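>>> I'd like to go over a predicted model; first the sequence, then the structure.
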Amino acid sequence: MPTRDGRPDTSAEPAETAALRRLLEERTADLQRVKAEYDNYRKRVRRDRLAVREIAAVNVLRTLLPVLDAVGRADTHEPSTPGLRDIAGALREGLGALGVRAFGAVGDPFDPACHDALTHHVSPGAGPLVCSAVLRPGYRLGDQLLRPAHVEVTGPAQAPAKPPMTVRGAKVEGMLTASGESPEEGPV
């Protein structure tokens with residue numbers, strides 16, 4: 001609105017401009033926050049899709065391992081026919097192309113994280129446990145264990161287990177009191 005002398009009234013403009021600027025900054029901040037949330041959502045969805053795809057691939061590969069075992073047993077126990085050789089080769093080649101690797105060999109150091117020891121042969125002069133026979137190979141997909149190897153191990157005798165402790169006629173396995181003593185050592 002013009003003033004009495006005909007000039008425009010500028011007294012309200014600085015306050016109005018400041019309010020509009022503040023509103024613009026709020027809306028810009030809101031927009032940036034929504035955009036960041038959407039970007040994070042897209043990344044999370046992409047990561048989840050990859051995880052689901054990887055889990056599905058691992059599940060399919062685990063179901064094929066018994067087939068690979070059966071083909072290996074058939075090769076071992078029967079004369080190999082051209083058809084069986086083709087099937088075995090295609091299966092091994094396909095799994096290899098997907099990154100599946102067999103492991104477990106005689107002489108490997110025993111690792112309970114990737115070997116299942118089914119038999120322990122005692123050898124008094126032996127060093128650490130080693131795989132002396134592979135009963136079923138293990139498989140990995142990259143760093144992920146698909147199936148542990150079933151092995152026989154050879155090594156020193158296991159250390160004798162501590163005898164169980166008794167407290168007033170009750171058997172207690174390795175229990176300590178609050179002071180860190182075994183119940184047999186301190187008063188009960």
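Sure thing, it's come through. Being a predicted model, the structure only gives us computed values, none of them experimental.

>>> ok, how many other residues are close to the closest residue to G155 other than its chain neighbours?
Computed as C-beta to C-beta, 6 or more residues apart in numbering, the closest residue to G155 that is not its neighbour in sequence is L129, at 3.7 Å. All C-beta spots, glycine's among them, are computed from the backbone N, C-alpha and C. Neighbour count of L129, defined by other C-beta atoms under 10 Å: 21.

>>> for A19, same thing?
10.

>>> Could you pull up the contacting residues of the closest residue to Q158 other than its chain neighbours?
Nearest non-adjacent residue to Q158, counting by C-beta to C-beta, 6+ apart: H120, 7.4 Å away. Applying C-beta atoms under 8 Å, 6 or more residues apart in numbering, we find H120 in contact with L129, E152, V153, T154, G155, Q158.

>>> what are the bridge partners for H120, then?
V153 (DSSP bridges).

>>> so how far is D69 from it?
Shown here: H120 relative to D69, a distance of 23 Å by C-beta to C-beta, to the nearest Å.

>>> List the buried residues of stretch 66-82.
L68, V71, G72 (16 or more other C-beta atoms under 10 Å).

>>> would you say the last one is within a strand?
In this case it means G72. No: counting by DSSP: H, G, I helix; E, B strand; the rest coil, G72 falls outside a strand, being helix.

>>> confidence score at it?
What the model reports as pLDDT for G72 is 85.

>>> quick one on the thing from earlier: please report phi then psi for the residue nearest to G155.
With angles defined as degrees, to the nearest 10, L129 sits at phi -60, psi 130.

>>> tell me the centre residue of this structure?
Q144 (6.4 Å; C-alpha atoms, centre = their mean).

>>> and the closest residue in space to that residue that isn't next to it in sequence, what does it touch?
Among residues not flanking Q144 along the chain, V58 sits closest, at 6.7 Å (C-beta to C-beta, 6+ apart). Counting by C-beta under 8 Å, 6+ apart, V58 makes contact with L141, Q144, L146.
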